[in-house]
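[1] curious how this folds, go ahead:
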Amino acid sequence: MKGWLLSFLLLLIIPTEAVFGVGGGVGVNVGPVGGGGSVWIGGGINGQNPPSGSSSSDLSRAYTALQAWKSAISDDPTKVLATWAGPDVCSYKGVFCADSEDGQTIVAGIDLNYANLKGTLVKELSFLTEMSLIHLNSNRFSGSIPDTFRDLNSLQELDLSNNQFSGPFPTITLYIPNLIYLDLRFNNFTGSIPDELFNKNLDAIFLNNNQFEGELPQSLGNAQASVINLANNKFSGNFPSNFGFMGTKLKEILFLNNQLTGCIPEGVGLFSEIQVFDVSFNSLMGHLPDTISCLQEIEVLNLAHNKLSGVLPDLVCSLKSLVNLTVAYNFFSGFSQECAKLYYRNVGFDFSLNCIPGRNMQRPQPQCSLIPGASTQPRFALRKRKRPEARFREKRFLEAQWKLAFPIWKRMTSMEREETETGGERERERS
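    Down below sits the predicted model:
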């Protein structure tokens with residue numbers, strides 16, 4: 001128990017970019033691609049020999065598993081596996097041991113980030129039932145994830161990012177009972193993602209930079225994660241109807257560079273704690289929902305490269321935590337005074353390539369005359385989007401009509417007045 005307390009204290013005082021463990025027995029790793037942030041005690045090349053006694057059988061099974069995996073690795077350019085010799089698995093580079101609550105020495109984690117290893121995963125890795133994390137980002141692993149991974153009852157973090165895995169979504173990851181961090185980004189996975197994904201108790205879901213496609217599952221609204229990254233795939237269709245009903249702890253949504261269509265739903269306003277919302281490089285259209293004004297913690301709002309239109313309202317530009325607002329490459333026809341003040345608040349604001357009169361770097365007029373989705377908008381919305389030139393022409397037309405009509409109206413009024421006066425005199429004469 002004291003060992004895990006020390007781990008927590010070390011996590012607070014050691015910079016997260018540091019990498020230890022080759023000799024010091026402490027591992028901390030947060031890479032730009034892979035996740036992590038955990039600390040392990042024990043391990044390192046200079047770690048102690050495994051104690052004899054009740055833990056020896058667990059370490060013996062760990063030795064069997066790691067040797068089987070070593071045999072499935074065909075290229076090791078940095079000679080990481082040169083240390084994987086003999087029964088002392090706690091001395092293997094990238095393998096970290098710890099004392100369990102009952103005092104046994106266990107393999108608590110494997111961190112081989114950036115080792116550039118080429119090979120496959122083996123079913124024997126399921127022998128490491130006490131392991132809480134596997135970090136393998138930036139290698140050349142391929143093939144499939146063994147079905148036996150469902151037996152990793154203690155596994156909480158699985159980072160397979162930046163490898164060469166392919167095929168459909170690895171559904172076996174959904175059966176790892178205590179998994180909370182799933183990172184599959186920068187691989188070659190294809191096909192749709194299962195509904196069950198967002199029904200799991202995952203805190204972080206990274207699927208970006210694959211070849212996933214199809215519509216977003218309706219179960220997206222059930223997600224309890226704080227981060228969901230589906231960027232740079234081929235997802236299409238509209239947002240699910242229950243979008244916005246995710247857990248209140250959601251901090252980041254990144255759906256950029258897909259093929260999403262339709263409108264941004266009103267439910268987006270329910271993300272009261274969200275800090276990053278990026279749906280750029282899609283085909284979203286329509287007006288921004290007023291509920292965006294509820295995103296009081298939003299720092300980065302990126303709506304660029306879509307087909308959004310209307311006037312960018314005060315409700316968006318008044319968001320108090322805003323650091324960067326990007327609406328470039330849309331069809332917005334104007335923005336409010338509050339938006340003009342963003343520069344004075346030191347907020348990054350990019351509104352280039354829209355249809356805003358009197359502003360530099362806007363779309364050519366022919367592009368602005370055909371607003372995507374305009375035929376499906378309510379009539380009042382179409383009137384609202386009239387450019388100043390159109391309003392001026394309409395005003396001149398009405399004035400011209402009035403000039404033609406006024407003399408006729410004046411003569412008719414005069415005749416009616418004369419008739420009224422004549423009729424009054426006749427009535428008096430009869431009486």
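[2] list the residues that contact Arg150.
    Arg150 makes contact with Ser126, Ile172, Tyr175, Ile176, Pro177, according to Cβ atoms under 8 Å, 6 or more residues apart in numbering. (Each C-beta comes from the backbone N, C-alpha and C, glycine too.)
[3] same thing but at 10 Å, please
    Ser126, Ile172, Thr173, Leu174, Tyr175, Ile176, Pro177 (Cβ atoms under 10 Å, 6 or more residues apart in numbering).
[4] repeat that for Cys294.
    Counting by Cβ under 10 Å, 6+ apart, Cys294 has contacts Val268, Gly269, Leu270, Phe271, Ser272, Ile274, Leu315, Leu319.
[5] wait, what's in contact with the first one?
    Applying Cβ under 10 Å, 6+ apart to Val268 gives the contacts 239, 243-244, 253, 274, 277, 279, 288-289, 291-292, 294-295.
[6] right, and out of these, which lies closest to Ser74?
    Nearest to Ser74 among the contacts of Val268, counting by Cβ to Cβ, is Ile253 at 38.7 Å.
[7] quick check, the closest one in contact with Leu260.
    No. The criterion here is Cβ atoms under 10 Å, and Ile253 misses it with Leu260 at 11.8 Å.
[8] hey, what's in contact with both of those two?
    Any residue near both Ile253 and Leu260 by Cβ under 10 Å, 6+ apart counts here, and that gives Leu230, Val279.
[9] can you lay out the contacts of Val268 as TSV showing distance to Leu66?
    Converted to TSV, the contacts of Val268 look like this (distance: Cβ to Cβ, whole Å):
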residue	distance to Leu66
Phe239	44
Phe243	43
Gly244	45
Ile253	38
Ile274	41
Phe277	42
Val279	43
Leu288	53
Pro289	53
Thr291	52
Ile292	51
Cys294	51
Leu295	47
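[10] quick revisit: wait, which of the contacts of Arg150 is closest to Leu59?
    Of all the contacts of Arg150, Leu59 sits closest to Ser126, with 15.7 Å by Cβ to Cβ.
[11] for the closest one, give its distance to Lys234.
    Ser126 sits 33 Å away from Lys234, going by Cβ to Cβ, to the nearest Å.
[12] helices or strands next to the strand or helix carrying Ala68 in the packing?
    Secondary structure assignment for Ala68, by DSSP states H and E: helix 56-71. Under the contact definition 3 or more Cβ pairs under 10 Å, 6 or more residues apart in numbering; DSSP states H and E, helix 56-71 sits against strand 95-99, strand 105-111, strand 118-120.
[13] go with 8 Å
    Contacts defined by 3 or more Cβ pairs under 8 Å, 6 or more residues apart in numbering; DSSP states H and E place helix 56-71 against strand 105-111.
[14] on that earlier part again, Ser126 and Lys234: which is more packed in?
    For Ser126 and Lys234, the more surrounded residue by other Cβ atoms under 10 Å is Ser126, and the numbers stand at 19 against 13.
[15] contacting residues around the more buried one?
    Ala65, Pro146, Thr148, Phe149, Arg150, Asp151, Leu152.
[16] and the closest residue to the last one other than its chain neighbours, what's its pLDDT?
    Nearest residue to Leu152, sequence neighbours excluded (Cβ to Cβ, 6 or more residues apart in numbering): Ile176, at 5.7 Å. Ile176 is assigned a predicted lDDT (pLDDT) of 98.
[17] also Gly247?
    pLDDT at Gly247 comes out at 72.
[18] thinking again about what came up before, which of the contacts of Val268 lies closest to Leu184?
    Nearest to Leu184 among these: Ile253, at 17.2 Å, using Cβ to Cβ.
[19] near the nearest residue to Ser293 once chain neighbours are set aside, how many other residues are there?
    Residue nearest to Ser293 in three dimensions, not counting chain neighbours: Leu315, with 3.7 Å by Cβ to Cβ, 6+ apart. Neighbours of Leu315 under the rule other Cβ under 10 Å: 17.
[20] before we move on, what about Gly247?
    Neighbourhood size, Gly247 [other Cβ under 10 Å]: 15.
[21] that's a helix at Ala225, yeah?
    No. Ala225 is assigned coil when assessed by DSSP: H, G, I helix; E, B strand; the rest coil, not a helix.
[22] my guess is it meets Phe206, correct?
    No. With contact defined as Cβ atoms under 8 Å, Ala225 does not reach Phe206; the gap is 9.8 Å.
[23] now do the residue nearest to the spatial centre of the chain against Phe212, distance only.
    In the chain, the residue lying closest to the centroid (Cα atoms, centre = their mean) is Leu254, at 2.0 Å. For Leu254, the distance to Phe212 equals 14 Å [Cβ to Cβ].
[24] shared neighbours of those two, anything?
    Contacts common to Leu254 and Phe212, judged by Cβ under 8 Å, 6+ apart, are Leu230.
[25] which residues of the stretch 251-400 of the chain score low on pLDDT?
    373-400 (pLDDT under 70).
[26] please, where are all the strands along it?
    252-254, 259-260, 276-278, 285-286, 300-302, 307-312, 324-326, 331-335, 348-350 (DSSP state E, counting those that start in this stretch).
[27] neighbours around Gly348, how many?
    Neighbour tally, Gly348, other Cβ under 10 Å: 12.
[28] please read the previous query as pertaining to Gly191.
    Residues near Gly191, counting by other Cβ under 10 Å: 13.
[29] likewise the one 4 residues further on?
    The burial count assigned to Asp195 is 12, neighbours taken as other Cβ under 10 Å.
[30] and the pLDDT for it?
    So Asp195 comes in at 95 (pLDDT).
[31] test my guess that it contacts Pro217.
    Yes. With contacts counted by Cβ under 8 Å, Asp195 reaches Pro217, the gap being 4.5 Å.
[32] quick one, what contacts Tyr344?
    Counted by Cβ under 8 Å, 6+ apart, Tyr344 has zero contacts.
[33] CA atoms only: put stretch 83-97 into CSV for me.
    Output in CSV follows, covering the C-alpha atoms of stretch 83-97 (Å, rounded to 0.1, in the frame of the first residue of the first chain):
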residue,chain,number,x,y,z
THR,A,83,17.5,-7.0,-21.9
TRP,A,84,14.7,-9.6,-22.1
ALA,A,85,16.8,-12.5,-21.0
GLY,A,86,16.6,-14.7,-17.9
PRO,A,87,13.8,-15.1,-15.4
ASP,A,88,14.1,-11.6,-13.8
VAL,A,89,11.3,-10.0,-15.8
CYS,A,90,11.4,-6.9,-13.5
SER,A,91,14.7,-6.1,-15.1
TYR,A,92,13.4,-6.2,-18.7
LYS,A,93,13.5,-2.8,-20.3
GLY,A,94,9.9,-1.4,-20.6
VAL,A,95,8.5,-3.8,-18.0
PHE,A,96,7.5,-2.3,-14.7
CYS,A,97,6.9,-4.2,-11.5
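[34] all good on my end, thank you.
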